[in-house]
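Engineer: Sequence first, predicted coordinates after that:
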Amino acid sequence: MQKPKAQMQPRAVGQWTTGLWDCFSDLGNCCLTCFCPCITFGRIAEIVDKGNTSCAAACAVHALIGYWTGCGWIFSCFYRSKMRKEYMLKKSPCGDCLVHFFCGLCALCQEHRELHIRGYDMSLGWKGNMQKQNRGVTTAPKPERGMSR
């Protein structure tokens, strides 16, 4: 019987839960990001934007910018900044745009891991995660009108 993987809890406020170069700790996402970074970016953007941007739209824009100009890192560094502000994470190891310029794939992997560790199922998107979160919530039954004491 396999032991379930324990999810890491976020470190102290301001700390990323995994390092920038811990890409191989999630081999599936590492491979996906290596061969198709726009998909990983799309998933991150949808969660960070709380569903206001769809995964498909963010993926398409990132792919167009990245493959035509080689500057997809400019688009993705803004989402890293947004995510850092949301979770009060430090600029580490340097500014967001520098991280995405020099280590773009590692940055996307780190951001994906961070959101996953914080409880998001990245493959479900924003709406899927909200539905999953609300499944256990039910409304109280309404009492029938009729005889009462």
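Structural biologist: Right, received. Where do you want to start?
Engineer: Name the next helix or strand downstream of the strand or helix carrying Leu115, please.
Structural biologist: Here Leu115, judged by DSSP states H and E, is contained in helix 96-117. Once the chain leaves helix 96-117, the next helix or strand it forms, by DSSP H and E, is helix 125-134.
Engineer: Give me the buried positions along that following helix.
Structural biologist: If you call a residue buried by 16 or more other Cβ atoms under 10 Å, then helix 125-134 has these buried ones: 125-126, 129. Any C-beta I mention is one placed from the backbone N, CA and C, and that applies to glycine too.
Engineer: Identify the residues contacting the helix holding Leu115?
Structural biologist: 7-10, 16-23, 25-26, 29-30, 33-34, 37, 40-41, 43-44, 47-48, 72-74, 76-81, 83-84, 87, 89, 93, 122 (Cβ atoms under 8 Å, 6 or more residues apart in numbering).
Engineer: Only the buried residues of it, if you could.
Structural biologist: So for helix 96-117, counting by 16+ other Cβ under 10 Å, buried means 96, 99-101, 103-117.
Engineer: helix/strand/coil for Lys91?
Structural biologist: coil (DSSP: H, G, I helix; E, B strand; the rest coil).
Engineer: pLDDT wise, what is it at?
Structural biologist: Model confidence at Lys91, given as pLDDT, is 90.
Engineer: Show the contacting residues for the nearest residue to Gly14 once chain neighbours are set aside.
Structural biologist: Distances taken as Cβ to Cβ, 6 or more residues apart in numbering put Lys90 closest to Gly14, at 4.7 Å, once the chain neighbours are dropped. Taking Cβ under 8 Å, 6+ apart, we find Lys90 in contact with 14-16, 84.
Engineer: do the same with Ala45
Structural biologist: Ala45 neighbours (Cβ under 8 Å, 6+ apart): 53, 55, 58, 62, 79.
Engineer: Please tell me how far it sits from Cys23.
Structural biologist: 19 Å (Cβ to Cβ, to the nearest Å).
Engineer: try Phe101
Structural biologist: Phe101 sits 17 Å away from Cys23, going by Cβ to Cβ.
Engineer: Same question for Cys31.
Structural biologist: 10 Å.
Engineer: Between those two, which has more neighbouring residues?
Structural biologist: Cys23 (23 against 12; other Cβ atoms under 10 Å).
Engineer: how many neighbours does Lys82 have?
Structural biologist: 15.
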